[in-house]
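>>> Predicted model and sequence below, questions to follow.
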Amino acid sequence: MASSELLVKYGFIKDSQRENYAYNAETKEYGPAEGYTLSKDDAHEEVIEVAFDLHDKTGFPKPLKRYNLSWEVFDLSLEEPYFWVLDVLKQFYPRIDKVEDSFAAAENSAFFGVTQQRLGAQQDKVGQYLAQTGKMIKELFQMVREIRIIEERLGYYEEVENEVQKPLNERKKGAEITLKGFFVDLVQGGGKSPASVYGMSRELEFITLPDLFFDAPPFKNTDELEGYTEKLKENFNQNVLRVLARHLRQYWEWRVRTHKEHKDRKTFMLQYLVQHYEIIRMYIEWLKPYLKHTQRLTLKEGHMASPDMVSAFEGSRLDVELMAIRRDEKRKGTNGIILATFNYRTRPELKVVQEGYQRGPVHIGKFEMFLRAYIWTDQEVESYKKMKEQEGFDLMGDVSESVKQAMESLGDELKRYVNLAKGIEEKKKQEAAPGKKTLTERWFGDFLPEKRQKEEKKEEKPLHLTDQQREAAAFGVRLGAWNTFQNFKKAHKLIAW
């Protein structure tokens, strides 16, 4: 996705076009309203003059003020200007976040060879964890399916248990007939076995045996079974009833024992499912740092196509971006922002710093610094970070999303089973129950700090500001950017006025 479209997606939209876009609270992104198509021209994007009557978009939101400096010297230290600006910003801005850290190196440079060796080791780890995670997710599908089958069987057993609590002549036979069908097919071997109910009916001409067997109600104990068969002596042959009693007794014993076996099996499978689920989550957590390192060690494609990069030269390009944040106490939910961007075009030389130390690059070349001043809401700060993540960390997003989709394809059944095994459902019910208020809460509840904090949380914060609102609060952040820029030039003996 182009940078202009990303700006629109994450809420950096011109005031005149904002009504054409709707905010999605779930994804925290903006999309075109019904009947409107997203346009990159709607982005509130910075435009600079690169030559006479020639302008170009930078991919950054339009700042209140922008300062830039380009400095090229043979013995340039890569770290010194970066840490000088960082230390100055720390004095006035309590929160500093790094939002980008990427590089690229020419294919035939020594720096490229060293980074590719390290990249290969990280990629091997990623491949191992992904293969193991994929295998365990496949097993997770089988476990969920098996628990579904067990729950289906337990439903029949529990229905029978409910029926046996009723008087014998009022008991329903639906679930009992289903279980008897399982017993005849799985235990006795169905009609192919001569010893089964159907086999004896066919081979030994016990014609009424299947009807009597399936028509019998569920029994609570063997005494009820014996009493039921005794009542049938008046109307049926003694030999048929003898065989019927044998089959009913076998079935009753099978039903009681397999009911307990299924309950134990379900408990075991739920515990095993949770263990499996937690291991998958653990592998994903282990995987994230390797994906992050892999992305950072991967060369930035945009720089590889730059004319500043020649494959035969010893060259590299580096980008670092910092976000200095200071909250505006007068205007709730707004922040003064200085976005410091550092671009390096350097020639790395591999040198051994001290004895026994692994070779490392020393960078020499050109340094560019951009300071951009903004007034942003809390939402805009988070939106900008998400936009930078999507730009520079697509690999992580694709992998985690694919794993997430595989897990979610199991449906709500997986979540229910995991919650059931952990006992979370019961815990949630207890937490949801309203508790009794103490005497202090009843008398002084409105004055308690917790009460005030909850009310403050309910206060709505702005999603975005208009250009006029930003200009009204811009003095402090403009001054901060100007001081940082001017003091940097003075400290490094550059011309300043």
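On my side now, so go ahead. Residues are numbered from 1 along each chain as shown.
>>> how close does Gly480 get to Ile337?
Look at Gly480 and Ile337: by CB to CB, to the nearest Å, they are 10 Å apart. Heads up, the C-betas are built off the backbone N, CA and C, glycines and all.
>>> Now the common contact residues for those two.
Here Gly480 and Ile337 have Ala324, Ala373 as joint contacts, going by CB atoms under 8 Å, 6 or more residues apart in numbering.
>>> The chain - how does it break down into domains?
Structural domains assigned to the chain are 1-60, 132-261, following automatic domain parsing.
>>> Go through these and name the closest to Lys386.
Nearest of the domains of the chain to Lys386, taken as CB to CB: domain 1-60 at 6.2 Å.
>>> pretty sure Lys388 contacts Glu100?
Yes: between Lys388 and Glu100 a contact is recorded at 5.7 Å, counting by CB atoms under 8 Å.
>>> Give the residues shared as contacts by those two.
Glu321.
>>> avg pLDDT for the helix or strand hosting Leu244?
Applying DSSP states H and E as the criterion places Leu244 in helix 238-297. For helix 238-297, the mean per-residue pLDDT is 80.
>>> Which stretches in the stretch 101-250 of the chain count as strands?
Here the stretch 101-250 of the chain has no strands by DSSP state E, counting those that start in this stretch.
>>> can you pull out the helices in it?
With DSSP state H, counting those that start in this stretch as the criterion, the stretch 101-250 of the chain has helices at 110-163, 174-182, 197-203, 209-215, 222-231, 238-297.
>>> Save the domains of the chain as a markdown table, and put in mean neighbour count and distance to Ala121 too.
Putting the domains of the chain into a markdown table (neighbours: other CB atoms under 10 Å; distance: least, CB to CB, whole Å) gives the following:
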| stretch | mean neighbour count | distance to Ala121 |
| --- | --- | --- |
| domain 1-60 | 14 | 31 |
| domain 132-261 | 15 | 17 |
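>>> Any idea which of those has the lowest pLDDT on average?
domain 132-261 (a mean of 83).
>>> now it: how far from the chain's centre is it?
Between the centre of domain 132-261 and the centre of its chain there are 46 Å (CA atoms, centre = their mean, to the nearest Å).
>>> Was I right to think Leu241 contacts Thr229?
Yes: when contacts are counted by CB under 8 Å, Leu241 is listed as touching Thr229 (5.5 Å).
>>> For Ala216, which residues are in contact?
Glu176, Tyr228, Leu244, Leu248.
>>> typo on my end, Gly190
By CB under 8 Å, 6+ apart, the contact set of Gly190 is Val184, Ser196, Tyr198.
>>> Could you rerun that using 6 Å?
By CB atoms under 6 Å, 6 or more residues apart in numbering, Gly190 lies in contact with nothing.
>>> tell me the secondary structure for Glu329?
Assigned with DSSP: H, G, I helix; E, B strand; the rest coil, Glu329 falls in the coil class.
>>> quick one: it and Leu244, what's the gap?
87 Å.
>>> How about Phe268?
36 Å.
>>> likewise Ile177?
From Ile177 to Leu244 the distance is 15 Å (CB to CB).
>>> Could you do Gln468 as well?
Gln468 is 92 Å from Leu244, by CB to CB.
>>> sorry, back to before: what's the helix holding Leu244 packed up against?
In terms of contacts (3 or more CB pairs under 6 Å, 6 or more residues apart in numbering; DSSP states H and E), helix 238-297 is packed against helix 110-163, helix 222-231, helix 412-422.
>>> ok, now with 7 Å
helix 110-163, helix 209-215, helix 222-231, helix 394-408, helix 412-422 (3 or more CB pairs under 7 Å, 6 or more residues apart in numbering; DSSP states H and E).
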